[in-house]
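J.: My questions are about this predicted structure, shown below with the sequence.
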Amino acid sequence: MHGGSVKIVGEKLLQLPVEKLQRRVDALPETEGQSADEDGDQQRAEKDLPEGMIVIPDIDLVRKDEGDFPALGHFLGEDPVTLEIVQSINPTLTIPEGDSATDNYYTRYIKDNMNIDISVKWFASSSDYKEGGRKFYPIKLPITLLMEELKKAGWQKEYDELLKLFVEHADHLCEVGKNYPASEVNYEQSIVAPAADVILSVYLLTGDKKYLDEGARQVEILELFNGMQPDYHLNEVAIRHWDGYWFGKRRYYGDTFPHYWSGLTGKVFEMYGEILKDENWIKRGEASIRGVLPLFFTDGRASCAYVYPLEVNDRRAAFFDPYANDQDWGLYANIR
């Protein structure tokens, strides 16, 4: 047994054929008893390796038999070692059928030859912001959660890079202000909510008051979509009128009370209340998120929306649409 380093390579290795993978592995020199020249060789080898490599020092390894990739070694014990990572994924990456970004030849090779289970905690595209992502109004981009995980892992470089991108994103949304781009309809709650969410999230990361001020303006607009009627269909449930037509089976226009995206408002209200330490906003947020739960039934079925009016264009309405699709988002929001 000897001390060594395990080097984990990211997305680019997924595309390497077996013979290239072996050459990469064999190129890594041993660490025990290295000479100065060997140290120099190791530095040169590291310099030539793909971007995104993680170096984990001082791990005990045992050499396998000659010919079984001796440069890396194999962990002792029957139970595999679990290595948790975050990963940058190129969305244009071609992966063989049956494989995925988290289960592929590379991950299986590491498991079989090194007794390491690679657990990808989360992965993200490495090119979204290069392709205009700062102009996007995302449905619940978990900015603060991502940054917390990077900080816990000690990934300061990645933290700083992402912070710069998120600040640029928030700056663009602040600049656009109330001049929202058209989406499924010209003006809707699920464009205002993402703007508020991104801007307030960046305030939490930076403490810059300009983001709190603009976030407050976005919340003021977002609030206008909600009512507070004493009815579970209408209490802090954002108004939407097109989802039953575009995404429902029966293709009805008409107010959907609730629709799962109405819960986006609740997440923003909660965040705003936590920033201001205002229990009223937090309670309103909780009511909004609970407002999507009527879409789930006791027998395990669910619906994407409830079309609320009694009639729409002389057709009977007041029904849960038979389609079930993205309403699971609302269930996740309540569980979390």
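T.: Nice, thanks for sending it over. Given the structure is predicted, the values throughout are model-derived calculations rather than measurements.
J.: Going by C-alpha atoms from here, please, whenever you check contacts or count neighbours.
T.: OK.
J.: Next, Leu83: secondary structure please.
T.: Three-state call for Leu83 (DSSP: H, G, I helix; E, B strand; the rest coil): strand.
J.: hey, what's it bridged with?
T.: Leu83 has these beta-bridge partners by DSSP bridges: Ile118.
J.: Tell me how far it lies from Leu205.
T.: Per C-alpha to C-alpha, to the nearest Å, Leu83 is found 28 Å from Leu205.
J.: How about Ala196?
T.: Counting by C-alpha to C-alpha - Ala196 and Leu205 are separated by 14 Å.
J.: Name the residue in the two with the higher neighbour count.
T.: Neighbours were counted for Ala196 and for Leu205 using other C-alpha atoms under 10 Å; Ala196 has more, 31 against 15.
J.: Tell me how many other residues surround the residue nearest to Ala302 when sequence neighbours are not counted.
T.: Excluding its sequence neighbours, the residue lying closest to Ala302 (C-alpha to C-alpha, 6 or more residues apart in numbering) is Phe296, at 4.4 Å. Residues lying near Phe296 (other C-alpha under 10 Å) number 17.
J.: correct me, but Phe296 touches Ala305?
T.: No - taking contacts as C-alpha atoms under 8 Å, Phe296 lies outside contact range of Ala305: 10.1 Å.
J.: residues touching Trp329, list them.
T.: Neighbouring residues of Trp329 by C-alpha atoms under 8 Å, 6 or more residues apart in numbering: Tyr260.
J.: now do 10 Å
T.: Contacts here follow C-alpha atoms under 10 Å, 6 or more residues apart in numbering; on that basis Trp329 touches 260-261, 263-264, 292, 335.
J.: what's the closest of the residues you listed to Val219?
T.: Leu264 (11.8 Å; C-alpha to C-alpha).
J.: For this structure, give me the ranges with low pLDDT.
T.: 1-77, 86-93, 121-127, 336 (pLDDT under 70).
J.: The helix ranked longest in it - contacts with which helices or strands?
T.: Under DSSP state H, the helix in the chain containing the largest number of residues is helix 156-176. Other elements packing on helix 156-176 under the criterion 3 or more C-alpha pairs under 10 Å, 6 or more residues apart in numbering; DSSP states H and E are helix 143-153, helix 189-206, helix 209-223.
J.: most packed of these?
T.: helix 189-206 (a mean of 24; mean count of other C-alpha atoms under 10 Å).
J.: thinking again about what came up before, so which of the contacts of Trp329 sit within strands?
T.: Using DSSP state E, no member of the contacts of Trp329 falls within strands.
J.: Please indicate which of the residues you listed are buried?
T.: 260-261, 263-264, 292 (16 or more other C-alpha atoms under 10 Å).
J.: follow-up on the earlier one: now list whatever residues contact both of Phe296 and Ala305.
T.: 324, 327.
J.: about what we covered before: among the buried ones among the contacts of Trp329, which two are most distant?
T.: Leu264 and Val292 (10.1 Å).
J.: Quick one: residues contacting the residue nearest to Asp255 when sequence neighbours are not counted.
T.: Computed as C-alpha to C-alpha, 6+ apart, the closest residue to Asp255 that is not its neighbour in sequence is His241, at 4.0 Å. His241 sits next to 185, 188, 252-257, 259, 307-308 when contact means C-alpha under 10 Å, 6+ apart.
J.: got it, and Asp231?
T.: So Asp231 contacts 237, 291 (C-alpha under 10 Å, 6+ apart).
J.: mind checking how far it is from Lys140?
T.: Taken as C-alpha to C-alpha, the span from Asp231 to Lys140 is 26 Å.
J.: With Phe296 instead?
T.: 21 Å.
J.: Next: Tyr106.
T.: For Tyr106, the distance to Lys140 - C-alpha to C-alpha - is 31 Å.
J.: again with Gly154
T.: Using C-alpha to C-alpha, Gly154 is found at 24 Å from Lys140.
J.: So which residues of this protein form strands?
T.: Using DSSP E, strands in the chain cover 2-8, 54-61, 81-89, 116-125, 256-259, 305-307, 311-312, 315-316, 319-320.
J.: thinking again about what came up before, any of the contacts of His241 buried? List them.
T.: Using 16+ other C-alpha under 10 Å, the buried members of the contacts of His241 are 188, 252-257, 259, 307-308.
J.: Distance to Glu270 added to the residues you listed, as JSON lines?
T.: Listed next are the buried ones among the contacts of His241 as JSON lines, based on distance: C-alpha to C-alpha, whole Å:
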{"residue": "Glu188", "distance to Glu270": "20"}
{"residue": "Tyr252", "distance to Glu270": "32"}
{"residue": "Tyr253", "distance to Glu270": "30"}
{"residue": "Gly254", "distance to Glu270": "28"}
{"residue": "Asp255", "distance to Glu270": "24"}
{"residue": "Thr256", "distance to Glu270": "22"}
{"residue": "Phe257", "distance to Glu270": "20"}
{"residue": "His259", "distance to Glu270": "19"}
{"residue": "Val307", "distance to Glu270": "26"}
{"residue": "Tyr308", "distance to Glu270": "26"}
